[in-house]
Structures are given as structure tokens and as C-alpha cells.
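Chemist: Mind folding the following:
(chains A, B, C and D)
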There are 4 protein chains.
Amino acid sequence: MAEAKLKVGVVGGTGYTGVELLRLLSRHPGVELHAVTSREQAGRPVADLFQALRGRVGLAFTPPEPAVLAACDAVFFAAPNGTAMAMARGLLEAGVRIIDLAADFRLKDPAEWRHWYRMEHACPELLAEAVYGLPEINRTALRGARLVANPGCYPTSVQLGLLPLLEAGLVDRGRLIADTKSGVSGAGRKAEIGMLFGEAADNFKAYGVAGHRHWPEIRQGLAAVGGGGPVGLTFVPHLVPMIRGIHATLYAELSGAAEVDLQALYERRYSAEPFVDVMPAGSLPETRSVKGVNLCRIAVYRPMNQRTVVILSVIDNLVKGAAGQALQNFNIMHGFEEGLGLEDIALLP
Amino acid sequence: MAEAKLKVGVVGGTGYTGVELLRLLSRHPGVELHAVTSREQAGRPVADLFQALRGRVGLAFTPPEPAVLAACDAVFFAAPNGTAMAMARGLLEAGVRIIDLAADFRLKDPAEWRHWYRMEHACPELLAEAVYGLPEINRTALRGARLVANPGCYPTSVQLGLLPLLEAGLVDRGRLIADTKSGVSGAGRKAEIGMLFGEAADNFKAYGVAGHRHWPEIRQGLAAVGGGGPVGLTFVPHLVPMIRGIHATLYAELSGAAEVDLQALYERRYSAEPFVDVMPAGSLPETRSVKGVNLCRIAVYRPMNQRTVVILSVIDNLVKGAAGQALQNFNIMHGFEEGLGLEDIALLP
Amino acid sequence: MAEAKLKVGVVGGTGYTGVELLRLLSRHPGVELHAVTSREQAGRPVADLFQALRGRVGLAFTPPEPAVLAACDAVFFAAPNGTAMAMARGLLEAGVRIIDLAADFRLKDPAEWRHWYRMEHACPELLAEAVYGLPEINRTALRGARLVANPGCYPTSVQLGLLPLLEAGLVDRGRLIADTKSGVSGAGRKAEIGMLFGEAADNFKAYGVAGHRHWPEIRQGLAAVGGGGPVGLTFVPHLVPMIRGIHATLYAELSGAAEVDLQALYERRYSAEPFVDVMPAGSLPETRSVKGVNLCRIAVYRPMNQRTVVILSVIDNLVKGAAGQALQNFNIMHGFEEGLGLEDIALLP
Amino acid sequence: MAEAKLKVGVVGGTGYTGVELLRLLSRHPGVELHAVTSREQAGRPVADLFQALRGRVGLAFTPPEPAVLAACDAVFFAAPNGTAMAMARGLLEAGVRIIDLAADFRLKDPAEWRHWYRMEHACPELLAEAVYGLPEINRTALRGARLVANPGCYPTSVQLGLLPLLEAGLVDRGRLIADTKSGVSGAGRKAEIGMLFGEAADNFKAYGVAGHRHWPEIRQGLAAVGGGGPVGLTFVPHLVPMIRGIHATLYAELSGAAEVDLQALYERRYSAEPFVDVMPAGSLPETRSVKGVNLCRIAVYRPMNQRTVVILSVIDNLVKGAAGQALQNFNIMHGFEEGLGLEDIALLP
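Modeler: Numbering: from 1, shown residues only, chains lettered A, B, ... in the order given. Model prediction:
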């Protein structure tokens, strides 16, 4: 661990992942916030926009100028897709490490990226180097990494939920179902009528059923485990009238004949993982229990002793699903203790 | 349709299905509310307990006395399981028609009933006569029926969602998945810590994963269609921080090779049904659009052109999932126009 | 009451007051919806935008063309401030009656209107003719009126709450306090970050403390009663994380020495009013009890027998505070029964 | 600051103030949790009941045995009224310091206590010694105190809001109005129908208008400042559909003729207070900005330049209004840094 604090920049400090990063970074003992960028709010004190940061973040927003960011040790991109890839080469050449919370470096295949994100990739030559920042799979590669693609929120909850089954080769890879539910903050801090309280409150609906960008990301991740090979995945996200939280309900079909102790399998797989909590058999993980917390809680079921396994997996979409995992990756990259700055306990109630 | 109004009794008028019945019955032109029972609140004006009924329901609660109920033309039981079966014989002998909104007459096999409801059935000889009150299947049997078992809320949404697929024999009956989400009113008007606003708000979780009483009810219903035969069903209910509403997300695997127009299949199946709305392709039904309304809205998907069909089905658990469907059944039983008293439009917003 | 249905137009059919009007008008037996306008959505079926209106409203949105509106018997303006005054002269000349749900005709003094609404008034000569549509004060003037200014939501709840005290001359007119709380639909169906679920949920705050446009409207209304004369009013609105509803908590100081039966005073004042419910002493009116309903419920207190009177007054901001009251005014203007189309009962729960 | 950790007990660890104490205490570097009591849950691991405390609190609940508590350095009572006074003498004699989060030691006059709490006080001789734990008034007395009465939630928000005005003698003491709004957690973790999500969500209402136990507490506190003397107070609490948070809207009438800079007055009064944030003029404090945080944010208004001053004051009822303030008092009593363990930043969003 370094003596001096690391200089950190946040590109896109006005969105929900950005401000969550600010909350976490402002209390991290190894970090000095150097710049928080926003074109629109440039010049305005951060704490003027976000009441909760009064007295905790002294900076004002600045425009996203490369020179300012190049003076950082690390830069988090909490900006729209396409932002990080436009600045990545220059910053890496300046010796700055990058953690992108958007999707620019998540998909390895630039053609697939173009298909789902409707943009040409600006630096496909960096895709191979970019480490997919799911520490439970890639911890070794993350140590010392220069460029990290922070996973999407749904992909984090779904992959952590399914990994042990696929690694152990216990289920039919061809028919996985992820029925996922997210709080509204997953849509970001954007003025959209559908996300108004008057529309989203006291309501429930699916969305993106025909196709969602997290589908190829999850498939890419799962295809790499358990011997490898493509997976069949049906992915249906839903919008829950709550602020934060993802609940993934995952269905897979046992392929073998053998009796298997799924509870033990999961406990073993994650026994050394500080940020995955395999709950006792029969538990019902609640999204509230991880709100504001960098943690994935998992419960394992085989209802009515049928062949369908049901996995329940909950995270906070903005923490283990975004800013918290980004900070966890930052800690690993820089040799800090992995959980530094990630000690919160969820509020009760 | 009768000239004089029918005398109607409601047993259990203090719960959520009971008070929803009162709201609907109080505006039904063919109904005269004769008695609303509650042991606990006996003597208290109904409108004193339920502010919204001030000036609309003039009755006071009475104890559930057989003589009073026997003077009714029809009695709705909106009381706990086991209540209707204890009074059914006597009332039927007195010529009273019965609609039970609880579970007493839903399962045809008394042994299965005992297993799931932990009670010996009090009148198994009536189970054969009882008509399962899903008009979209049993309309003919409902005409003139003396004893109706009103379906559970989840079973209504799941069966209406899956019926066309099973009737057409298009999917693997052995692996159906119902991932269902309900508002908190599904738990009834009972003082439980888990249903406090402080616990259920801004939260999401599954429950009853290991086994839920609606599982045998759905399986019984689905086993009877499409040529018959047992079905394999995984059923996982979840609690949504909203007051009313059920969203069932249903997964089934196409078994045949043929191309099939699922949208047309659903539209055809329900074209004559006044209370099932098959939405245009690509629609996302919202629970709010049926809040307070006796309607099931359905959308049909086949994501990424894979073999897994996804059906979205929404109802109001207290209306099409309980009191509204009960009134629909009442109308059919007594020869009223089927939609009488069921004309509400959901609030926007 | 007319034999034939009246042709009705709605200008601004995509906002919350507009769509609430559509819900109410579509079931009104004396109304034929002739046109629903929206520049932005012109050509799109209304029920395509508002799922809940599927099968209930068959029209598509049209541009707000004067010729189409001139063919109506009555036009409701549920559009932004400044819209109605721009079309009023022409429509009145064409024999169309107008009910403006915005603020154009609420203030009698064009200078005060300019000050608060930052626009020059387009037809000040119509201000004298415009009837302020609070039937509990102006019922006689509303009969046959050509131009009605539908009151604001807060002004409705505050004036109905304070009227009896001021009419009876019982309180100090110089120090009235209205601490008001509104659901988020009061802000309209506009994409604003502050009204996102992620911002407004699980939160409470005041707004407009320094000055709010409903302040002059309330003062104008109260100044006209109880012998007349200016009133001193402090008005503080708050935002509640609920969809609909206003709760006004009103404070006034008894000026006289005499003992007065406030409960009897209120019951007497509103005994003939179909849409004001003075609740029994000790009651606590809930906003939910009037949700979707054209009703103001009031409770009267004098806590600890001090000189400060506390009045609790609840309405649905979109019904008695907007569209419902507009329809009530429409009924009065055209000689329909006053409550026609306003028979809803609030949902429980 | 002591080298060794202090042994701390919590009596009543299953309620909302109790579990909030556990969240805070479990991260306090000077505290060793020695016992958490609950008769009902005795033997059950704390983290089994509260999912969020898994891995953070290792204790199981124990019965409230005096011997166990007597081994503590300090005991927090987060139990119902009447609990602390029954054990206070014994614990004090054993050298244990007591912080009561209930009401047993808040009122100085045992007759008034009896009147409002319907119990005879068990140890009136301790009332004089008990320090009312509002550090912004009583910091000196709290240093070394043995027995602290932690203030009520409403009294904290109202007193902090009004103190500067009364201390400066600027307003009419005889007519103060506190219109207060609280989230549902203020009612505690008790199974009550009125607090069900189905009842409290999407709703707003007043309660306790005729009389509330916090009224005498606030009056006692305010009577002691600004030269002293009784105050006239009207206090109306309301229930907000949110989990945590209090928003007090306070009204007072300027008595003098002089121009006074209220903003400067408040800033000066609280400039040295670490847990009171006087916001810039024109600010609108949000309850969410203090959720989970030991802080009172205040804004000062004089709307339309009238004589009525409006103060907005927000706290988290369970933190600055209960457990956080208790920990602040604990820190002061024991010579810890006042803000130790109270460093949280509210979540955004």
C-alpha cells in the first residue's frame, strides 16, 4: 500500500454511478479526489448539486479536460457508453489506469459491440488487454491491470449466481433462464417520463424482453467457464418500484443423474470471497440487505425436488453492480486491501 | 336478469378481498348488500372502519350467523381458509349460492388439500360439484352453478398466460416456469412485521420458493387442458413494493419444429373474452394499467428467436385475481351481463 | 339534461390532468369525446400512449386546430398556462363553452397575473366574465357560464378548509397558515430529474417556500368572503412520495372570546354539498380515501383547547383539485346532475 | 480515549432504534458489544433476524438479565417506555452508565410524566440527575453524565429548529407552530395494520392531532431557553410514506420591529456544531440527504417578507432522532471524539 494518496479522477460525476463513486471515494483512506468532471455542471460545487455531499466533497465540477485527467493515477469513467474509449489511449499512454463503468470494454468482439451499442469501437486494439472486472473470476488478472471493464449490474448478479453450476458442469448449458428485477436507479439519472415517480411507483413491468445489451455480456462471461462453450440464455429484466437493488432469479436444469449437494457446492466456491455471501439453506435474500453495500447474497434451491435448480442472487446495482465493484477492482489493481472503503452495513430498516 | 335485486352476503368483510368486494358490490345495480360479517368488528359501521366507503355502504358488521346468511340469495366468502367449508352444506340446503374466494373448494383431491392446507376437508362430497371459477375455461359450468371455487390470484395470472400454449400442444409440458411477482396486498390485511411499510418498501425478495399452495392449484388446472396429463412446473413468487398487482413472467419451451404465429394464437384464443386483453406484439403490460380493474393483459414474446417462449401476464390480484373475478362469476351464475359492475378504468397515473 | 350527447374537446390530452379528464369523460353518459389534442403525439391513438385506456378511448390525438375545437359544445383546456387565453375569444365567439384547468383565468387582476405567470394576459377583457369554478362558492354563477377558471389544486383544498371560519368571522384574518403536502403528480407529466422515482421516492421536502403561484389565488379567494378584506397567509407546499393526493394542514387563531362549536359550524356549512365530507370529530382524513374521487374530506380540531384551530383537508389533486372539479363544473354549466360521471369509490387498499 | 474497548449492552435489540444502534456500534472502534437483549428472540443469533448484520454482529440475543448488563460500562435502552426506569437504580449502583432512548427520563416533572405515559414513575429521584441528551444545549452536562435521557425524534428536529429564534428573543413565544412529518419507522417495528405497506404506502395523513407525547417534551425544552418562560405550541405530526426521516416545518411570528438577519443568526448559533448544518439561504433540505446520518439540516425563510418566519428542519428519526444522537451522547460522556462512528454519508440516490 502506497504511503501517499493516489490521485483519482471521476469522469461523469453527475450520474448515479458517478455520485456513488464520490460517496465511496470520499471516505477511502488511500484516495485523493483530484477531479470530478461534468460538461454541463462545470464550475458548480459538487456539494451544491448533491446535498448529501455537503462538507464531504469540496471540489467543483470541471470540464473533462485530458490534461487534468492525465495528472491522475487512476480515472473512473462513469459516463455514457463511448466516452472512455475516446480517451483511453491517451490516458494509458500518460500512465493513468482506467476503470470504465460503462460498456466500452466489456465485449471482446468489436463486431458484437457495434451490433449492440450502435457505434464503431474507437480502440479495438485495447479490447484484448482490458480485464473484465469480476474479481471472483479475474482477480489475478486484475492485479496490476491498466484497463478494467467494470461489469454491468445484471451481468454481475447473474454470473455470480450461475458460475458454480457451470463450473461444475452440473446443468444443461443450453437452457438457462435469468428473470431479473432492478430498481429504477439502473436507468440512470436521466429525465425520462417512464422513470417519473408518477409512472414507476406502485407499478411493475418487464422491459427489454426482445433484446437487452446485458444478454451478450452474460453469455460471453458464462461461455468461458466450465470447459467453455456457448450457452443458451433467456434474459428478461423487470423494473421494480424501488430505488436500488437487483434480484436475479435464475433457473437451470440439472443434467446429470447424480445426487449433488448444491448448498455445499456454492459455499465451497465462494468460501474465500469477501463480497459473496452464500446464505444458509432456505434463506430468502432481500435487496435491502445489500443496499449501499458491496456484496452479492445468494441462496440455492431445488424446489419440490424437481430437476430445476433455482438460484436467488441480490446485489445493489450501484455498488456491487457498479461503483463498489469498481472500487474493489481499484483496490486490487493498486495493491490496497480489497475491501478498503467498502465497509458499509445496509440500513435497517 | 331478475327484476328485484339479489340479496348478497359477504362473510369476512374486513380483509382486503372483502372490502374490495364491498366496493364493487355497492355499485352493482342488481345487488342489495344484506349482510357483511366480522366477528371482531361486529356492531361497527363498515364505513367507520373504511373511510373510503363513507356514504356508500350503510351497513354495520354483523357476526357470521347462519340464519342471516341463509336469507341471502348468494354469499361470498372472503374469509380464511376453512370458513366456507364449515358453512357450505347448510347454506346450499337453504338454497343459497356460494362463491368462496378462499381455497376450500379449489383442489379436487381432498388428500392433496389436506397436505397443503393442513386441515381435514369438512365436506369432500361437495368437491366434485364445486366449479372452478375461471370463466375463460368453465363459463358453461358456471351458469347456474350453486358452488364456485374462485381461483387464487397467481393461478389466474399463470393459467390465463399458459392456456393457449398448452391447449395447442406447442410446448414441453414437463418444464414450465412461472416467475411471479405480487404486490403486498396479496398477503391480506394482517398485522405482520414482514408486511410493514418499513420492511417491504424499497425492497424486493422471493418467498415460498420451497413450496407454495398455488403450485398444486396451477398444476391441477393445467393438467386438464391440451389433451391432459401432468405438467412439470417451477413456481417462484416474489414480493413487490407496490399495493396491488401481479406480474407473471412465464417460460415454456417450444416442442415442435414448426413455425407458429404465437401472437395470432393468443389473439384467437381470447378474441371473445371480455376480460383478457392480448396486447399488440412488442407490448409491455404494466400492473398499473389493470389496478382496480377486472382484466388480464397478456403479451407474447419469443426473445432472440430462441425456442423459449416468454409470456407476460398482469392482473390486479384483488380484482381479476379475487373480488372482480368473483363478481364476474356471480354475474354468470345469475344470468346478469358478465361485466356488470366491472366497468372501472385504471387511474393514470 | 340534453337528449343528444354533447361534443367535448380536450386540449392537452397527454398530461396528467388531461388523461384524468379522458378517464372521467369516457364514462360520462352525456358526453361524446370529439377531439383530444396533442401537437407532439398527433396521429397516435390515445390508447397506445395510455395502456389503461385500451378499449375505452378510440380516438387518436389530433393537432389543436381551432376549426375542430369550434365544432365542440365544450372544450376543456388541460394545457400549459397561456394556451387557453390564446384560443378563448375565438371559441367563445363560435359558441363553445370553455373550462380552463390551467391558470389563465384564475386571477382577476391582469397585473398580478403578469407578475406571477411572467406573461402578458392575452384577453384581459374576459377576466371579469370568467367564473372561478369552486362550486361551493360560485354554483349559481356557474349555471350557464361560458368561461370557467377551474381552481388550482392547493387553492381548492385550502379554501374549502378555511371558508367556514372566515365566513363566520371567527379567526384572525391576518395570520393564516397553510402547510400543504402534495403527491408528485401535481408537478405534471414532465420529464424532470427532481421528479424521478430515484429522487422523489423515500424522501420528503418543501418547495416554493419563497413564493408560489397558488398564494395569490388563495388570497384572492379568501379576501372575498366573510365581509371581505385582505388576508395574511403563509403558504408552504411540500412534496410527498405518493402519486396523487393533497393534504392541507391549516392553522388559524380564534379571534373572539366566545365558545364556538367548530364541528357544528363545518357540518352546517357543508351539509348540502355533495363533494365535501365533514368527518366526525376526532377523524384523520387520509389522502387515499379520496384517490380517484371528486371529494374533499375535512376534519376540525382545536388541540389542547388552545386558541389555534387546526383544519385537515384532503383531496385528490387530479380530481377535486383538477379534472373532477372541471367535470363537476361542466355538469353545472350544462344542467346535468352535478355528480354525473363522478361516482367512483377509492380503492381499498 | 480509553485504550481498552468499552463493554456496551443494548436492551431491546429487535426494534428499529435497537438495530440501528447495532449497526452504528458494530463499527465503533471504542466499543465492544457485550450483550444484546430480547426476551422473545433469546438464543437466536442477531444476524439471523437481521440479514444485513450477517458477518458484522456475532452475538445472539440474550434475556435482559441484570447481572449481564451490570458487567457493561454502558447500557443503551432501546426498549419500550418503562423499561429503563425499572433497571436504572441497580445499574447505576453497579457503576454502569445509562442512555435511555425511550421516554423514561425526558420529562422532569413526574406528574406530567404520569399524565402522558400512564405509568407511575419508578425512580423520580433520578429525574433531576438525568441529563437531557441534546448536545447542542447540554454538551457540558453530558460530559461524565451517568444517566442520559435521549431526546425524542420530533423534539430533536423542532428544538434545533426553533432554538436560535427563542434564544435571541425574536419571536412571540406564545404562538409557535410545528407541522411535522415522519417516515413510518417512527412507529417502531411493531405489527400494526395501520403501518402495513398496503395501508401506509401512497397515502398521507395526520395523527395525534388532539395530543402527542412529544408536545410536553418540546415545551419543556423550549421553556428553558431565551430567558425562560412557558411557550405556546401547536404540534401536528403527520405520517409520510417513506421509511426514515423527519421534516419539521416551523412557524413563528417576529415580535420586534427591527430588521434581523435570520440567516446569519442561525449560521452563528450552529457554527461550532458538527451535527447541525445551516444551509445557504434559499435551500430546501431533503430528508434523504440525512438518511442514515447523524445530522440536522436547517433552512431559514421569511416568505413574502411577512412577519411569519418559516424554518425547515430535517433529521433521520432513527439517527439524529435516536440511535445516532445516543452514540453522540455516549461519545461525549466517555471522552471519545464526538463524531466517532458517525461518519456515514447518505446514499445518492
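
Chemist: Residue A:47 in helix, strand or coil?
Modeler: Secondary structure state of residue A:47, per DSSP: H, G, I helix; E, B strand; the rest coil, is helix.

Chemist: Show me the shaky parts of the stretch 201-349 of chain A.
Modeler: A:257-258 (pLDDT under 70).

Chemist: Apply 50 and report the result again.
Modeler: For the stretch 201-349 of chain A, no stretch has pLDDT under 50.

Chemist: Show the contacting residues for the closest residue to residue A:5 other than its chain neighbours.
Modeler: Closest residue to residue A:5 apart from its sequence neighbours, by Cβ to Cβ, 6 or more residues apart in numbering or on different chains: residue A:32 at 4.1 Å. C-beta coordinates here come from the backbone N, C-alpha and C atoms, glycine included. Shown in contact with residue A:32 (Cβ atoms under 8 Å, 6 or more residues apart in numbering or on different chains): A:5, A:6, A:7, A:8.

Chemist: Dump these into a markdown table; add secondary structure, pLDDT and neighbour count as well.
Modeler: Output for the contacts of residue A:32, formatted as a markdown table (DSSP: H, G, I helix; E, B strand; the rest coil; pLDDT from 0 to 100; neighbours: other Cβ atoms under 10 Å in any protein chain shown):
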| residue | secondary structure | pLDDT | neighbour count |
| --- | --- | --- | --- |
| A:5 | coil | 96 | 14 |
| A:6 | strand | 98 | 17 |
| A:7 | strand | 98 | 17 |
| A:8 | strand | 98 | 24 |
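
Chemist: if we take those residues, which one ends up nearest to chain B?
Modeler: residue A:8 (30.1 Å; Cβ to the nearest Cβ).

Chemist: Where do the domain boundaries of chain A fall?
Modeler: What automatic domain parsing lists as the domains of chain A is A:6-129, A:154-317.

Chemist: Most tightly packed of the ones you listed?
Modeler: Mean neighbours per residue, mean count of other Cβ atoms under 10 Å in any protein chain shown, is largest over the domains of chain A for domain A:154-317, with a mean of 21.

Chemist: Is chain C within reach of it?
Modeler: Yes: among the residues of domain A:154-317, A:183-185, A:187, A:189-193, A:195-202, A:241-243 lie within reach of chain C under Cβ under 8 Å from any Cβ of the partner chain.

Chemist: With stretch A:53-72 instead?
Modeler: No: using Cβ under 8 Å from any Cβ, stretch A:53-72 stays clear of chain C, coming no nearer than 14.8 Å.

Chemist: Can you name the residues in contact with that stretch?
Modeler: A:7-9, A:11, A:13-14, A:19, A:22-23, A:26-27, A:33-39, A:41-47, A:49-50, A:75, A:79, A:83, A:87, A:90-91, A:94, A:96, D:277, D:279, D:289, D:345, D:348.

Chemist: Quick one: mark the members of these that sit in strands.
Modeler: Judged by DSSP state E, strands contain the following of the contacts of stretch A:53-72: A:7, A:8, A:9, A:11, A:33, A:34, A:35, A:36, A:37, A:75, D:277.

Chemist: quick one: which of those is nearest to chain B?
Modeler: For the ones in strands among the contacts of stretch A:53-72, the nearest to chain B is residue D:277 (24.5 Å; Cβ to the nearest Cβ).

Chemist: Name all residues that make contact with the residue nearest to that closest one when sequence neighbours are not counted.
Modeler: Nearest non-adjacent residue to residue D:277, counting by Cβ to Cβ, 6+ apart: residue D:297, 4.6 Å away. Counting by Cβ under 8 Å, 6+ apart, residue D:297 touches A:51, D:276, D:277, D:279, D:285, D:289, D:290, D:313, D:314, D:315.

Chemist: Pretty sure residue D:297 sits in a strand.
Modeler: Yes: Residue D:297: assigned to a strand according to three-state DSSP.

Chemist: So which residues on the stretch 201-349 of chain A come close to chain D?
Modeler: A:201-202, A:243-244, A:277, A:279, A:283, A:285-286, A:288-293, A:297, A:343-349.

Chemist: mind redoing it with 6 Å?
Modeler: A:202, A:243, A:286, A:289, A:292, A:345, A:346, A:347, A:348, A:349 (Cβ under 6 Å from any Cβ of the partner chain).

Chemist: From chain B, how far out is residue A:171?
Modeler: 13 Å (Cβ to the nearest Cβ, to the nearest Å).

Chemist: Check that residue and give its pLDDT.
Modeler: At residue A:171, the predicted lDDT confidence score is 96.

Chemist: what's near enough to touch it?
Modeler: The contact partners of residue A:171, by Cβ atoms under 6 Å, 6 or more residues apart in numbering or on different chains, come to A:165, A:252, A:253, A:254, A:255.

Chemist: Please apply the same query to residue A:195.
Modeler: So residue A:195 contacts A:184, A:187, C:196, C:197 (Cβ under 6 Å, 6+ apart).

Chemist: Ramachandran angles for residue A:148?
Modeler: Phi and psi for residue A:148, reported as degrees, to the nearest 10, are phi -120, psi 130.

Chemist: Quick check: it touching residue A:135?
Modeler: No: using Cβ atoms under 6 Å as the test, residue A:148 is too far from residue A:135 to be in contact (10.0 Å).

Chemist: More neighbours: those two, which one.
Modeler: residue A:148 (27 against 21; other Cβ atoms under 10 Å in any protein chain shown).

Chemist: before we move on, the earlier item: same list (the contacts of residue A:195) but as CSV, adding secondary structure and pLDDT.
Modeler: Shown next, in CSV, are the contacts of residue A:195 (DSSP: H, G, I helix; E, B strand; the rest coil; pLDDT from 0 to 100):
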residue, secondary structure, pLDDT
A:184, helix, 98
A:187, helix, 96
C:196, strand, 98
C:197, helix, 98
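
Chemist: circling back: what's the most distant pair in the ones in strands among the contacts of stretch A:53-72?
Modeler: Maximum pairwise distance among these (Cβ to Cβ): 30.9 Å, between A:75 and D:277.

Chemist: before we move on, back to that, could you tell me which of the residues of domain A:154-317 next to chain C belong to strands?
Modeler: Of those, the ones assigned to strands by DSSP E are residue A:183.

Chemist: wait, does stretch A:247-256 contact chain B?
Modeler: Yes: Stretch A:247-256 lies within reach of chain B by Cβ under 6 Å from any Cβ, at A:247, A:249, A:251.

Chemist: Please name the residues that touch the spatially closest residue to residue A:28 that is not a sequence neighbour.
Modeler: Using Cβ to Cβ, 6+ apart and skipping the chain neighbours, the partner closest in space to residue A:28 is residue A:341 (3.6 Å). If you count contacts by Cβ under 6 Å, 6+ apart, residue A:341 has them with A:24, A:27, A:28, A:327.

Chemist: That's all I had, so thanks and see you.
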